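A.B. asks: Structure for the following, please:
(one chain, ligands or ions: 2)
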Amino acid sequence: MKIKNICCIGAGYVGGPTMAVIAQKCPEINVTVVDINESRIAAWNDDDVNNIPIYEPGLSNIVGEARGRNLFFSTDVDAAIDQADMIFISVNTPTKTYGIGKGMAADLKFIELCARQIARVATTDKIVVEKSTLPVRTAEALRNILDNTGNGVKYQILSNPEFLAEGTAVDDLMDPDRVLIGGDIDTAEGAEAVEALVDVYAHWIDRDRILTTNVWSSELSKLTANAFLAQRVSSINSLSELCEKTGADVNEVAKAVGMDRRIGSKFLQSSVGFGGSCFQKDILNLVYIAKSYGLNEVADYWEQVIIMNDHQKRRFAANIVKTLFNTVSGKKIGILGWAFKKDTNDTRESAAIYVVDYLLNEQAEVVVYDPKVKPEQIYADLDYLNTRPEAENRASVTIVDNSHEVAEKAHAVAVLTEWDEFIELDWSKVYDDMLKPAFLFDGRRLLNRAEKEQIGFEFYAIGS
Ligand code: NAD
Ligand code: UGA
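C.D. replies: Residues are numbered from 1 along each chain as shown. Ligands and ions are numbered 1, 2, ... in the order given. The predicted structure follows:
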């Protein structure tokens, strides 16, 4: 079976880049990305490709090449579902904020709405692909809805989790370590559906890197991969605190440990704490699933990764207060970086949000600069925490468009995102512009200690 028309529901960080790459690599397939968010779709359709809603290196060129040829962005969800042979569901699956499983379980209401809409609209057989990250056995619920509320058409449900990381989405999609496709491989129809999706990816990915499994393994592998990655960050971060007490240096420890090929060197960069939309949500989801099967030790084991991460963010902020003679009340603290990592404008669960919230509770005056994040996003992130009235966030936080304004008469500057441009800053000027003693806190191990101390900074870096 050859796929001719793909629909992707959800034009976000995953749906947008993934479909752009599929469209570029498969010119004979029409790809339509739909979303209920009209302004997001309008931005994807903006005449100037530099205005697409997601910043990823290399993405605007791909969209520029494929858009209007075989890549389309639309709000007409019904029409795209109707025309497609294959429908990717790539909507958000946030942590539940209400009811049973509040604060832990994945909220699947957007997934269910998609399933009900597909069932209502579809008049021909469809392959439905779970692209969103979902709890293991979600496909069972999808099948139930599709088979019981549909128009009698046949569905195959595949799981095809996405492993791209933000900031490197295009590279990750072009050259993935693996593509994972779970399906009902024991039936002829299921195997045919799996093969149809394998064929799509095989346009640019070697077949030996395209893994096929049963649906449940595929769903669970995605949660597991994120849990393992986050666990490495929490492991090294836990040791960063011990390094600070003992004179060991966390970068030296990470290097020494990571050179053991069984351990590997990646994902051992100590930081102010991991952020991003997925690590925390997916681990909480894993914890919830384990608990729901009565596996309390399994749940506790993984929950510790989150507990450690929260501790890391809090202790970084607390250390700023302690170092500034136990008070930051009325003091200007400059923040360099708001995104949860470099090369993205995404701020979801960024450590910066929590560090600044802590400092605001201590009555600091905060000034923020990030090269890609818009001011309204920074205020929205703080407002979302609901710690204080929105007007207070605006009164206490100033957002500027260059690093040097951050330093002007600041008592302290903290680096919270590892943007390359912060390495190249004129740090002597930063020092001159700050009040003395000039405290510099490096939450990313981005800066050279000897150079900064030479300039005159009182320098603190995570893990040394
Ligand atoms: P996102 O919030 O950026 O995008 C989701 C989009 O879906 C939104 O634009 C929303 O308006 C749209 N949507 C929701 N319900 C809809 C409906 N019923 N009809 C049409 N559109 C609807 O989310 P994202 O970051 O792209 O993540 C999507 C999924 O992919 C999540 O499950 C996430 O865990 C997973 N994932 C994300 C990443 C990442 O790097 N962000 C990586 C791998 C996997
Ligand atoms: C992560 C995974 O890497 C992707 O494989 C996965 O698809 C994605 O989650 C998802 O499911 O959403 P992402 O969150 O975009 O991707 O970015 P990462 O590079 O994994 O970084 C996550 C956080 O960990 C960032 O805040 C980063 O700064 C931090 N981190 C990462 C460290 O502090 N140290 C490290 O060594 C690595």
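
A.B. asks: and residue 87, that one's in a strand?
C.D. replies: Yes. Under DSSP: H, G, I helix; E, B strand; the rest coil, residue 87 falls within a strand.

A.B. asks: May I have the beta-bridge partners of it?
C.D. replies: Note on residue 87: beta-bridge partners residue 7, residue 128, judged by DSSP bridges.

A.B. asks: Over to residue 73?
C.D. replies: Beta-bridge pairing of residue 73, defined through DSSP bridges, involves residue 33.

A.B. asks: Count the residues that sit near it.
C.D. replies: 27 (other CB atoms under 10 Å). Backbone N, C-alpha and C define where each C-beta goes, glycine included.

A.B. asks: Residue 354 too?
C.D. replies: 23.

A.B. asks: Just to check, it is in contact with residue 314?
C.D. replies: Yes. Counting by CB atoms under 8 Å, residue 314 is a contact partner of residue 354 at 7.4 Å.

A.B. asks: measure residue 123 to residue 384 for me?
C.D. replies: To residue 384, residue 123 is 41 Å away according to CB to CB, to the nearest Å.

A.B. asks: so who does residue 438 touch?
C.D. replies: Counting by CB atoms under 8 Å, 6 or more residues apart in numbering, residue 438 touches 412, 413, 430, 431, 456, 457, 458.

A.B. asks: burial of the first one, as a residue count?
C.D. replies: By the other CB under 10 Å criterion, the neighbourhood of residue 412 contains 27 residues.

A.B. asks: Then the fifth one?
C.D. replies: Taking other CB under 10 Å as the criterion, the count of residues near residue 456 is 16.

A.B. asks: before we move on, which element is the nearest residue to it once chain neighbours are set aside in?
C.D. replies: Spatial nearest neighbour of residue 456, chain neighbours left out: residue 431 (5.5 Å); criterion: CB to CB, 6 or more residues apart in numbering. Secondary structure assignment for residue 431, by DSSP states H and E: helix 427-433.

A.B. asks: Following the chain onward from that helix, which element is next?
C.D. replies: strand 439-442.

A.B. asks: so how far is that next one off the chain centroid?
C.D. replies: Relative to its chain's centre, strand 439-442 lies at 26 Å (CA atoms, centre = their mean, to the nearest Å).

A.B. asks: pull the CA atoms of that strand into PDB?
C.D. replies: In PDB, the C-alpha atoms belonging to strand 439-442 read as follows (Å, rounded to 0.1, in the frame of the first residue of the first chain):
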ATOM      1  CA  PHE A 439      28.600  38.100  41.500                       C
ATOM      2  CA  LEU A 440      28.400  35.800  38.500                       C
ATOM      3  CA  PHE A 441      26.500  32.500  38.700                       C
ATOM      4  CA  ASP A 442      27.000  30.000  35.900                       C
END
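
A.B. asks: Does ligand 2 have contacts with that strand?
C.D. replies: No. Judged by CB under 6 Å from any ligand atom, strand 439-442 makes no contact with ligand 2; its nearest approach is 13.0 Å.
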